[in-house]
Structure formats: C-alpha cells, structure tokens
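J.: requesting a structural model of the entry that follows:
(one chain, ligands or ions: 1)
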Amino acid sequence: MLKIINLSKKFNINTDNEINIFQNFNLEIEENKCTAIIGSNGCGKSTLLNIIGGSILADKGQIVLNGHNIENLREEQRANHIGRVYQNPSMGVSPSLTILENMSLANKKGEKFTLRKLIRKNNIDRYIELLKDLDLGLENKLNTKVKFLSGGQRQSLSLVMAAMKHPDLLLLDEHTAALDPKTSNVIMQRTRELIKKYSMTTIMISHNMKDAIEYSDRIVMLDKGEILLDKPSINVTEKELIDIYREKLHNFA
Ligand SMILES: Nc1ncnc2c1ncn2[C@@H]1O[C@H](COP(=O)(O)OP(=O)(O)OP(=O)(O)O)[C@@H](O)[C@H]1O
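T.: Here you go, the predicted structure:
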C-alpha cells in the first residue's frame with residue numbers, strides 16, 4: 001500500500017509565479033489495485049507521480065510505501081521499488097541501445113554490474129518470453145536499436161521493462177496518450193495483463209475517461225490539489241466524469 005500523508009508542494013516560491021499545487025494532501029493507494037488519477041491540465045497529476053518517484057521533492061509530507069518512508073530515498077533508490085512508464089515513448093528506454101541492451105539494463109536495475117556482464121545468455125530466453133507476450137514480434141528484433149521502433153512498440157517495451165522486476169508500485173503517466181487509438185487499446189490491454197500477472201499496485205494518469213473507467217479499479221479526480229471524486233470505477237460513468245469536467249473543474253493550463 002502507498003500512503004501519501006500531509007503532502008505540500010509549491011512551485012516558484014516567493015515569485016510572482018508561485019503556485020500552490022498541494023497543501024496537506026492525503027491519499028491512500030490500495031495494494032494490487034489500479035487507481036486512475038484524472039483531472040484538468042495542470043492540476044498536479046504528474047507532479048504527484050514525480051514526488052512519489054522522487055524526481056521532484058515535496059516541501060512537506062510523507063510518502064510511505066509498504067510501511068517504509070521513502071521520501072528520503074533518492075530517485076534511483078526508489079526506482080528499485082517503483083516502475084514508471086512516461087507519456088513520451090522515448091523516456092522509459094534508451095533509444096540508441098538495442099532491445100536486448102535495454103531489457104538487460106532494466107533487469108540489472110538496483111544492482112552493481114559491468115558492461116561485460118550486462119547481457120547474460122541465460123536471461124535472454126526470459127526476455128524473449130516477455131516480448132512474446134506482447135504479441136508485437138519484438139522477440140525477433142532483440143538486436144534492433146530502440147530508436148528504430150514505432151511509438152507503440154517503444155511503449156510496450158517500456159511497460160515490460162518497468163514491470164519485469166515486479167515493482168511494489170507501477171506509475172503510468174498518460175502512457176498511451178501519444179499513441180493512435182488502436183495501438184493505445186493494445187497497450188492498455190497488455191498493461192492490464194501485466195498488472196494482473198505480477199499483482200502490481202498501480203497508479204495510472206489518464207485523460208481518457210473511457211480507459212480510466214475500463215482499466216482501473218478506482219477513480220480519483222483531482223482539482224486544485226484536492227480530491228473532488230473518489231469512487232470504485234465500476235460505479236462511475238463516462239458521462240458523470242465529463243459533466244464534472246464541464247461544470248466543476250478549474251483549468252490551470
Ligand atoms: N518543475 C516545475 N517547476 C515549476 N512549475 C512546475 C514544475 N512542474 C510542474 N509545474 C507546474 O505545476 C502545475 C501542475 O503541473 P503538472 O504537470 O503536475 O499537471 P498535470 O495535472 O499533470 O497536467 P497535464 O494533465 O497537463 O499533464 C502546472 O502549472 C505546471 O506548470
């Protein structure tokens with residue numbers, strides 16, 4: 001379980017552009033469930049994931065993952081427990097390295113290793129199995145540089161890499177937003193399969209209300225650093241969410 005306790009975060013403190021993103025914000029994310037975070041542009045969704053992942057420090061508050069305070073851990077230390085897939089298909093991968101090199105790096109996350117020892121023959125079969133599950137033919141392209149893959153193929157690879165060490169927490173930051181609708185559907189289905197297979201506690205940011213409802217267990221809507229709606233996804237309709245967006249949400253963009 002992830003607990004966010006009394007989180008406060010401002011940007012551009014003591015300037016004309018000071019923004020108060022969170023003030024004493026609290027949220028609990030249940031274990032082995034997928035929680036969708038939705039809300040207007042600029043309401044703080046990515047900032048929340050950045051604070052959890054450690055790329056941005058909170059001004060105040062605690063981040064407790066499975067009973068351990070992680071707010072003092074550096075981003076790379078947190079990465080041993082937290083997998084992340086970004087909106088930009090190039091961010092979770094190293095484009096100039098091959099699929100095999102990328103997967104080997106992901107597999108070594110949190111360990112000390114030399115380049116010579118990076119690729120171990122006995123891991124290759126496992127990588128091939130993981131790629132076969134994606135059903136995109138990537139298992140036949142192990143030695144292809146990732147920069148030659150399509151956005152959808154890169155996101156699929158990022159997803160597998162983020163999940164392959166079975167992290168305590170998986171953060172998905174609009175990970176299908178840059179993909180066409182068909183590819184986005186395929187990635188969402190693969191996402192669901194991986195979450196289920198490895199029982200991963202997941203936070204997924206999405207602007208796609210239909211996907212948020214269909215692929216999550218719980219919907220949390222943020223507005224002005226507060227929770228405006230928090231319901232099991234099964235009890236939420238797309239219309240209800242769109243109506244709230246139209247009538248109640250502030251736009252910060
Ligand atoms: N590192 C930063 N420095 C200064 N301001 C920032 C920083 N990161 C985010 N912000 C600001 O904080 C606000 C929240 O940004 P954030 O990216 O968290 O919103 P979001 O809800 O994820 O938006 P979107 O849906 O558009 O991705 C925005 O006004 C943004 O400009």
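J.: wait, residue 184 touches residue 190, no?
T.: No: using C-beta atoms under 8 Å as the test, residue 184 is too far from residue 190 to be in contact (10.9 Å). The C-beta positions use only the backbone N, C-alpha and C, and glycine is treated the same way.
J.: pretty sure residue 85 sits against residue 159.
T.: Yes: using C-beta under 8 Å, residue 85 makes contact with residue 159 at a distance of 5.4 Å.
J.: higher neighbour count, the two?
T.: Set residue 85 next to residue 159 and count neighbours by other C-beta atoms under 10 Å: residue 85 wins out with 28 against 23.
J.: got a list of what that one touches?
T.: 92, 155, 158-159, 162, 170-173, 175 (C-beta atoms under 8 Å, 6 or more residues apart in numbering).
J.: what about 10 Å?
T.: Taking C-beta atoms under 10 Å, 6 or more residues apart in numbering, we find residue 85 in contact with 91-93, 155-163, 170-176, 187, 191, 204.
J.: now the nearest residue to it once chain neighbours are set aside: how far from the ligand?
T.: Once flanking residues are discounted, residue 85 sits nearest to residue 175: 4.2 Å by C-beta to C-beta, 6 or more residues apart in numbering. Per C-beta to the nearest ligand atom, to the nearest Å, residue 175 is found 12 Å from the ligand.
J.: likewise residue 102?
T.: According to C-beta to the nearest ligand atom, residue 102 and the ligand sit 25 Å apart.
J.: other SSEs contacting the helix or strand encompassing that residue?
T.: With elements taken from DSSP states H and E, the one containing residue 102 is helix 99-107. Counting by 3 or more C-beta pairs under 10 Å, 6 or more residues apart in numbering; DSSP states H and E, the packing neighbours recorded for helix 99-107 are helix 115-118, helix 121-134, helix 151-163.
J.: can I get the CA coordinates of it in CSV?
T.: Provided in CSV are the C-alpha atoms of helix 99-107 (Å, rounded to 0.1, in the frame of the first residue of the first chain):
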residue,chain,number,x,y,z
ILE,A,99,16.0,-4.1,-27.2
LEU,A,100,18.3,-6.6,-25.6
GLU,A,101,20.5,-4.0,-24.1
ASN,A,102,17.5,-2.1,-22.8
MET,A,103,16.0,-5.1,-21.2
SER,A,104,19.3,-6.2,-19.7
LEU,A,105,19.7,-2.7,-18.1
ALA,A,106,16.2,-2.9,-16.7
ASN,A,107,16.9,-6.3,-15.3
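J.: what average pLDDT does it get?
T.: On average, the pLDDT along helix 99-107 is 91.
J.: tell me what angle it forms with helix 121-134.
T.: Counting by axes from the mean of the first three to the mean of the last three C-alpha atoms, to 10 degrees, helix 99-107 lies at 100 degrees to helix 121-134.
J.: neighbours around residue 137, how many?
T.: By the criterion of other C-beta under 10 Å, residue 137 has 10 neighbours.
J.: which residues touch it?
T.: Contacts of residue 137 by C-beta under 10 Å, 6+ apart are 131, 153.
J.: state the distance from it to residue 239.
T.: Using C-beta to C-beta, to the nearest Å, one gets 39 Å for the distance from residue 137 to residue 239.
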